[in-house]
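**Student:** What follows is a predicted structure for the sequence shown.
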Amino acid sequence: MLGRTLEILGNVFRFHKKKIVFFIFSFLLCFVLFFPFDDLSDFITLQVSKITQSNVYLQFDGLSFGLIPQLGIKMENVVIESLFAPTLSVKTLGFAPHLTSLIAGQLGGKLRAYGLFNGDASLSFGPSRQLDIDGPETGLEIQLENIQLKELSKFLKESYQLPISMSGETQLNSNLYIDPSFKESPKGDLRLSIKQLSIPSSNIALGDFGMSMPFPALKLSEVLIVGNINDRKLFIKEGKIGDIKNDLHGEITGDIFFDIQPGGKFIPAGYDLKINLNVSENLKRQLGTVLGFVDIYQNIGQRHKFDSLQGIRYSMRLTARTMNTPPRVSAE
């Protein structure tokens, strides 16, 4: 009986496969075109709030569904409110699940935001096996494209009252492997590039001295950081600041240490950096008193300052156990 049924079904598919494929395609097309996705917005908002225990509120104007080139959904004019961060808005937010993850019953996909600080951002995530731990781990691929620092500075100033004002265009590429419990240190690599960085003039506070000094405007053609993350530290294997045409240019390499608290909160814990910076005669004149204080600190001027063709050069090693303690200065 079962064999006869399978034979009949096989014959139906063999002689009518074009009709079957046409019917399935027509059904999916009508589903995409006529299903009232906008009516799902309230439902999705409610589910996100419920899953996050009312910590995250997601709101958007329109919802659409796509099949080509990839299965996914897209939301327009998205606003994300959270207890963990200030309100964030993007023009378009799309999500496409990984088919292999769906088949395996695992969480994985690609999230893409258009219009984030006038740029784009994407996050691909899924299971990985790079940390060699007993429990599950997650692989992340993060990409930021054309993020405008002017818009990011405005956001930080309005949200955190941080006196940051700069302009430039940021690109970030990073692959990370994370233990969701954060018992194991994340592992991965990153490449951060800022083109045409411009920092306006400002006043620098001198901490316990109760004074401040003017710092001149600074323009750098590029800032580049290439490094690896492992064993609770970021190892900067290439750090480029400006180029020979800029008033300030040089290199920074070394380690930045961090701790991880439950929930994944990263806390900077210190650093061990090698610095080689060139200051032009023009910038030297503008800095004036600032460089005077730098030269006095632990005899930097006598031990680690050298004349150069363009002006002066500082070559030294800075180490500190925490970000709040003064660094110890030594030769490279």
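**Tutor:** Received it, and whenever you're ready, just let me know what you need. Note that the coordinates shown come from a computational prediction; the quantities given were computed from them, not determined experimentally.

**Student:** tell me the average confidence for the helix or strand residue 260 falls within?
**Tutor:** If you go by DSSP states H and E, residue 260 is part of strand 248-261. Averaged over strand 248-261, pLDDT sits at 90.

**Student:** Paired strands for that strand, with orientation please.
**Tutor:** Next to strand 248-261 in the sheet, as set by DSSP bridges, lie strand 233-241 (antiparallel), strand 265-280 (antiparallel).

**Student:** contacts for the shortest one?
**Tutor:** Okay, so that is strand 233-241. With CB atoms under 8 Å, 6 or more residues apart in numbering as the test, strand 233-241 has contacts from 190, 220, 222-229, 248-258, 273, 277. Every C-beta, even on glycine, is put in place using the N, C-alpha and C of the backbone.

**Student:** quick one: buried residues of that strand?
**Tutor:** Buried residues in strand 233-241, defined by neighbour count with 16 or more other CB atoms under 10 Å: 233-236, 239-241.

**Student:** quick one: it to chain centroid distance?
**Tutor:** Strand 233-241 has its C-alpha centroid displaced from the chain centroid by 16 Å (CA atoms, centre = their mean, to the nearest Å).

**Student:** Which residue ranges of the stretch 101-250 of the chain form helices?
**Tutor:** With DSSP state H, counting those that start in this stretch as the criterion, the stretch 101-250 of the chain has helices at 149-160.

**Student:** Low-confidence ranges, it, go.
**Tutor:** Within the stretch 101-250 of the chain, the stretches with pLDDT under 70 are 101-107, 205-211.

**Student:** ranges for the strands of it?
**Tutor:** Taking DSSP state E, counting those that start in this stretch, the strands of the stretch 101-250 of the chain run over residues 109-116, 119-127, 138-148, 167-178, 187-199, 202-205, 212-215, 218-230, 233-241, 248-261.

**Student:** nearest to residue 325, of those strands?
**Tutor:** Closest of the strands of the stretch 101-250 of the chain to residue 325 is strand 248-261, at 12.7 Å (criterion: CB to CB).

**Student:** which other residues reach the closest one?
**Tutor:** For strand 248-261, the external contacting residues (CB under 8 Å, 6+ apart) are 182, 185-186, 218, 220, 232-243, 266-280, 283, 313-314, 317.

**Student:** same thing but at 7 Å, please
**Tutor:** 182, 218, 220, 232-237, 239-243, 266-279, 283 (CB atoms under 7 Å, 6 or more residues apart in numbering).

**Student:** still on that earlier bit, how far off strand 218-230 does the strand holding residue 260 point, in degrees?
**Tutor:** Angle, strand 248-261 to strand 218-230, by axes from the mean of the first three to the mean of the last three CA atoms, to 10 degrees: 40 degrees.
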